[in-house]
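S.K.: only geometry, no sequence info:
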Ligand code: ASP
Ligand code: MG
């Protein structure tokens, strides 16, 4: 079998852990498998490198930033190669350039375009364990790029797809995907399996187990993923296209309190208003999530929407510049809100899921400010201070613990 194993930064944080991982990799190799290992930078290395850069410059050139950040992953693969050699296993470390990991040119947020598999194949034929840097790529100018924070997952999936691997294992410091963040919901349960679509919703909802582009890529190329712990032998969670027939209605509850709501009140009720507002915000790269428009009355209407709280400053600037043109009477900003969502492929074919969620909020005396639904997701906006209570109540109402 050809197996891709990806280890996150905490799994290789120090010499002891590097050896732990090396032994794990060796186990797989000894069984006669071809093994490709993708690594992240050790521990807080990437954050530390960012701090270093900021000490030099408030606004460092993006090209140079990528040049700097890519060194973290290069350290990891070299150290891992040393550990494996020490244990007596043939191996080779390779960076994005050597692997031909071609990306778009956007520094700090590049997207993978293709991987030239030749070099990796050659090394596997020589019976080497191949260690590849995660997170980095190279663009058409032959410059180093990076894939965005958490991007090593995406590197691993891309390699698995390009080389048609039999298995892609993502090792991390948790032992799988849970029905809720176990730090918030004490009796959260580990899922044995989850669909790509559900995982995508959960990844973007703030369950930070997998980089969401890695899930997109896995879905596109049908790469079955296993998320498991590098510290234990627990089974982990399989992410794949379809799960068992008799499955739970809901796979998980997620909470996100890093959001803000903006309400534009008393807008002129004329065609093109929503288009104007949201295209102007999009030009400033403000990512809008839930949108709610009120029924028009007296020729005016209100539009409310949520954005990541990190975009609030940009949104305020855009709104102040355009308020008059939009004919807005007043604006209200609220940062004390949280979004709680339930995700489940099973809800498509079942009625009563939404009402059960709302009932749980009613029983807990929690007021819902906004609601948004899709085929496999329902999100509500509530007060930030009630987020944990809401997640627990919903987890309970849907019996997710057992
Ligand atoms: N080292 C990079 C980061 O910290 C990439 C990764 O860990 O996946 O974001
Ligand atoms: Mg990660």
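M.R.: Thanks, I have the structure now. As the structure is a computational prediction, the values presented were derived from the model and not from experiment. Ligands and ions are numbered 1, 2, ... in the order given.

S.K.: Now do the contacts for the residue of the stretch 1-150 of the chain found nearest ligand 2.
M.R.: Minimum separation of the stretch 1-150 of the chain from ligand 2 (C-beta to the ion) falls at residue 150, amounting to 4.3 Å. Backbone N, C-alpha and C define where each C-beta goes, glycine included. Residues in contact with residue 150 (C-beta atoms under 8 Å, 6 or more residues apart in numbering) are 208, 211.

S.K.: same check, this time on residue 155
M.R.: Contact analysis of residue 155 by C-beta under 8 Å, 6+ apart lists 6, 38, 101, 112, 132-136, 147.

S.K.: State the three-state secondary structure for the residue of the stretch 1-150 of the chain closest to ligand 2.
M.R.: Going by DSSP: H, G, I helix; E, B strand; the rest coil, the secondary structure assigned to residue 150 is coil.

S.K.: Could you do the one 10 residues further on as well?
M.R.: Using three-state DSSP, the three-state assignment for residue 160 comes out as helix.

S.K.: what pLDDT does it get?
M.R.: With respect to pLDDT, residue 160 has a value of 98.

S.K.: What residues does it make contact with?
M.R.: 4, 167-168, 218, 221, 223.

S.K.: follow-up on the earlier one: relative to residue 170, how far out is the residue of the stretch 1-150 of the chain closest to ligand 2?
M.R.: 11 Å (C-beta to C-beta, to the nearest Å).

S.K.: just the contacts of residue 155 now: which is nearest ligand 1?
M.R.: residue 135 (3.8 Å; C-beta to the nearest ligand atom).

S.K.: Quick check on the closest one: phi, psi?
M.R.: Main-chain dihedrals, residue 135, degrees, to the nearest 10: phi 70, psi -30.

S.K.: That one reaches residue 74, doesn't it?
M.R.: No: counting by C-beta atoms under 8 Å, residue 135 does not reach residue 74; the two are 10.1 Å apart.

S.K.: When the two are compared, which one has more neighbours?
M.R.: Neighbours of residue 135 and residue 74, each counted by other C-beta atoms under 10 Å, are more numerous for residue 135; the result is 30 against 18.

S.K.: Check what pLDDT the more buried one gets.
M.R.: 98.

S.K.: measure it to residue 308 for me?
M.R.: 22 Å.

S.K.: ok, back up a step: run through the contacts of residue 155 and flag the ones next to ligand 1.
M.R.: 134-135 (C-beta under 6 Å from any ligand atom).

S.K.: any chance of the contacts of residue 155 in a markdown table, with secondary structure and distance to residue 316 too?
M.R.: Below are those laid out as a markdown table (DSSP: H, G, I helix; E, B strand; the rest coil; distance: C-beta to C-beta, whole Å):
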| residue | secondary structure | distance to residue 316 |
| --- | --- | --- |
| 6 | strand | 39 |
| 38 | strand | 40 |
| 101 | strand | 39 |
| 112 | strand | 35 |
| 132 | strand | 43 |
| 133 | strand | 39 |
| 134 | coil | 36 |
| 135 | coil | 33 |
| 136 | strand | 35 |
| 147 | coil | 30 |
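
S.K.: and which of the contacts of residue 155 is nearest residue 353?
M.R.: residue 6 (33.9 Å; C-beta to C-beta).

S.K.: just checking, the closest one touches residue 169?
M.R.: Yes: the pair residue 6 / residue 169 is scored as a contact, 7.0 Å apart, by C-beta under 8 Å.

S.K.: Flag every residue of this protein that's near ligand 2.
M.R.: 8, 150 (C-beta under 5 Å from the ion).

S.K.: go again using 8 Å as the cut-off
M.R.: Contacts of the chain with ligand 2, taken as C-beta under 8 Å from the ion, map to 8-9, 40, 150, 152-153, 172, 208-211.

S.K.: Show only the entries of the residues you listed found in helices.
M.R.: 152-153 (DSSP state H).

S.K.: least trustworthy helix or strand in the protein by mean pLDDT?
M.R.: helix 196-204 (a mean of 88; mean pLDDT, DSSP states H and E).

S.K.: Might one say that residue 67 is in contact with residue 146?
M.R.: No: using C-beta under 8 Å, residue 67 is not in contact with residue 146, being 9.4 Å away.

S.K.: Look at the two and report which has more neighbours.
M.R.: residue 146 (28 against 17).

S.K.: need the longest helix for this structure.
M.R.: helix 62-86.

S.K.: before we move on, back to that, selection in ChimeraX covering whichever of the residues of the chain next to ligand 2 are buried, please.
M.R.: Selection of buried members from the residues of the chain next to ligand 2 for ChimeraX, criterion 16 or more other C-beta atoms under 10 Å:
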select :8,9,40,150,152,153,172,209,210,211
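
S.K.: Let me have the residues of the chain next to ligand 2 in TSV, extended by pLDDT and distance to ligand 1.
M.R.: Converted to TSV, those look like this (pLDDT from 0 to 100; distance: C-beta to the nearest ligand atom, whole Å):
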residue	pLDDT	distance to ligand 1
8	95	6
9	95	5
40	98	3
150	93	5
152	97	3
153	96	6
172	90	10
208	73	11
209	83	12
210	90	10
211	89	7
